[in-house]
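In: Sequence and computational prediction follow.
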Amino acid sequence: MADKIRVGIAGFGTVGTGVAKIILENADAIEARSGVRVELARVVDLDTTTKRAVDLPDGMLTDDMNAMLDDDSIDIGVELIGGTDFARELQLKMLGKGKHVVTANKALLAKHGGELYAAAHKNNKCIAFEASCAGGIPIVSAIRTGLAANNIRAIYGILNGTCNYILTSMTSDGVDFSDVLKDAQDKGYAEADPTLDINGGDTAHKLVILGSLAFGRQIEMDDIYIEGIEKIELDDIKYGNEMGYVLKLLAIGEKGKNGKLSLRVHPAFLSKDNPLSRVDGSFNAVSIFGDAVGNTMYYGRGAGMMPTASAVVADIIEVAMGNSSNLFNAQTVESRAETVASLESMDNVVSRYYIRLLAKDVPGTVARYAQILGDNGISISGVLQHEEHNVGTSVGVIVTTHPAEESKINAALKTIKELNVIDGEPVCIRIVDIPEDDLDD
Ligand code: HSE
């Protein structure tokens, strides 16, 4: 174990500023706890003039990346630039120059993890990425060490602070999501391109990373079914609330009894009784089921300057103590044929469903859509329709179902939307029943 470690940061944005602040302010506390002196050696950013929330020692900030890459006294390169092109080149250069890499770049690892991990192994270095998933929650470490004794059966996660902030505001304040997005951006939660937050891409990046670790399988972005929150309407949040549900953007990784993995990101109604439904604002939470431990849950701030910086600095300390290299060498699955994930088709996924129809308030309407659901083997579990006194107009109807296969729901909806008593596209949102604990199953 090194007693001193020198760090260079590439990217002096929100998280980079937080990392510099923690290293400069908490070096004594870190040394007392870990026995390692963390020294900030260099910060690199194209913008060397904007005032940040930390004062760096004179001469530390530069726009010359080589000042970090060519400095052999720097042991760790912290890549906080984001994106997948320049950042990929940079991480490869850092590894080639004999530096360990610490990063929060989930998009890069989800897309090019295999190549980068292989380069790290070749150079006898490691890549540490605690900050890539769930901000300040030490979820990577929990999976790698705390749950190492388990076969992991399932992961359910709220992994995007921006989406959770938006959905929480829609639920609590009844505001539309475009009005809240700006707020989330101002608070430093959103990605540089917030489309990635809203369309579920950022959550999927995190599921690639966590799923690979949890299930010990190579997982690619293409393996994940993704739906974002861009089409969510306030009406559905309100109706769901009336029926006892809260809407969340959920990442789900489940290992079926046939050994296949089902990996998906989509809006999900959760029962108000489930603890995940009470995770609000920019907070993230992850529920992980292990065969020995049962259900475990992790909760904390999933985005923002200091929570994410907390995870970055934790990685720096773990690299200095030698722990990261051991885990990285033991648990990277990028290049072994036997670790390629076997995937469950989305058609076979079983869920309950919330369906909202705009139905003509005329005799026989209920019978007609109910018949189609029945013909497809789908059992109705609840129906909600508020009284409408203008006979013949259209009325919102909510139907919830008992568990059914996705392929059957899709077939039923295709037929229902053709009915001349149904206006527009039906809205369909999955209701996810997360068991509290399934050890006795
Ligand atoms: N944009 C991300 C989020 C930041 O909102 O969760 C943390 O990865």
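Out: Good, I have the coordinates.
In: contacts and neighbour counts: CA atoms only from here.
Out: Fine.
In: Looking at per-residue confidence, what score does the residue nearest to Val36 when sequence neighbours are not counted get?
Out: In space, and not counting its chain neighbours, Val36 is closest to Asp3: 4.5 Å by CA to CA, 6 or more residues apart in numbering. Looking at Asp3, its pLDDT reads 87.
In: try the one 10 residues further on
Out: Each residue has a pLDDT score; the one for Gly13 is 95.
In: Then Ser335?
Out: Looking at Ser335, the pLDDT reads 56.
In: helices and strands around the helix ranked longest in the chain, which ones?
Out: Longest helix in the chain, counting residues (DSSP state H): helix 14-34. Packed against helix 14-34, as judged by 3 or more CA pairs under 8 Å, 6 or more residues apart in numbering; DSSP states H and E, are the following elements: strand 4-10, strand 37-44, helix 305-321.
In: about what we covered before: now do the contacts for the residue nearest to Val36.
Out: For Asp3, the contacting residues are Gly35, Val36, Arg37, Ala320, by CA atoms under 8 Å, 6 or more residues apart in numbering.
In: What is the nearest of these to the ligand?
Out: Ala320 (24.0 Å; CA to the nearest ligand atom).
In: And for the closest one, the neighbour number?
Out: For Ala320, the tally of surrounding residues (other CA atoms under 10 Å) stands at 25.
In: can you list the residues of the stretch 1-150 of the chain near the ligand?
Out: Applying CA under 6 Å from any ligand atom, we find that the stretch 1-150 of the chain lies next to the ligand at Gly135.
In: Quick check: the residue of the stretch 1-150 of the chain nearest the ligand.
Out: For the stretch 1-150 of the chain, CA to the nearest ligand atom, closest residue to the ligand: Gly135, 5.6 Å.
In: Contacts only, for the closest residue to that residue other than its chain neighbours.
Out: Once flanking residues are discounted, Gly135 sits nearest to Gly302: 4.0 Å by CA to CA, 6+ apart. Going by CA under 8 Å, 6+ apart, Gly302 touches 133-137, 159-161, 282-285, 308.
In: now swap in Thr332 and tell me
Out: Residues in contact with Thr332, defined by CA under 8 Å, 6+ apart, are Tyr117, Leu213.
In: Now do it, the pLDDT please.
Out: 73.
In: Distance check, it against the ligand.
Out: Thr332 is 21 Å from the ligand, where distance means CA to the nearest ligand atom, to the nearest Å.
In: Can you get me a residue count around the residue in the stretch 251-400 of the chain positioned nearest to the ligand?
Out: Relative to the ligand, the nearest point of the stretch 251-400 of the chain is Ala303 (4.2 Å; CA to the nearest ligand atom). By the measure other CA under 10 Å, the count of residues near Ala303 is 28.
In: tell me which element it is part of?
Out: Ala303 belongs to no helix or strand when assigned by DSSP states H and E.
In: ditto for Gly113
Out: Short version, using DSSP H and E: Gly113 is in helix 106-122.
In: In that helix, which of the residues would be classed as buried?
Out: Using 16 or more other CA atoms under 10 Å as the test for burial, helix 106-122 gives 106-111, 113-114, 116-121.
In: Farthest pair within those residues?
Out: Maximum pairwise distance among the buried residues of helix 106-122 (CA to CA): 20.4 Å, between Ala107 and His121.
In: For the stretch 51-200 of the chain, which segments are assigned as helices?
Out: All helices of the stretch 51-200 of the chain, identified by DSSP state H, counting those that start in this stretch, fall at 66-69, 86-96, 106-122, 139-141, 161-173, 177-186, 195-198.
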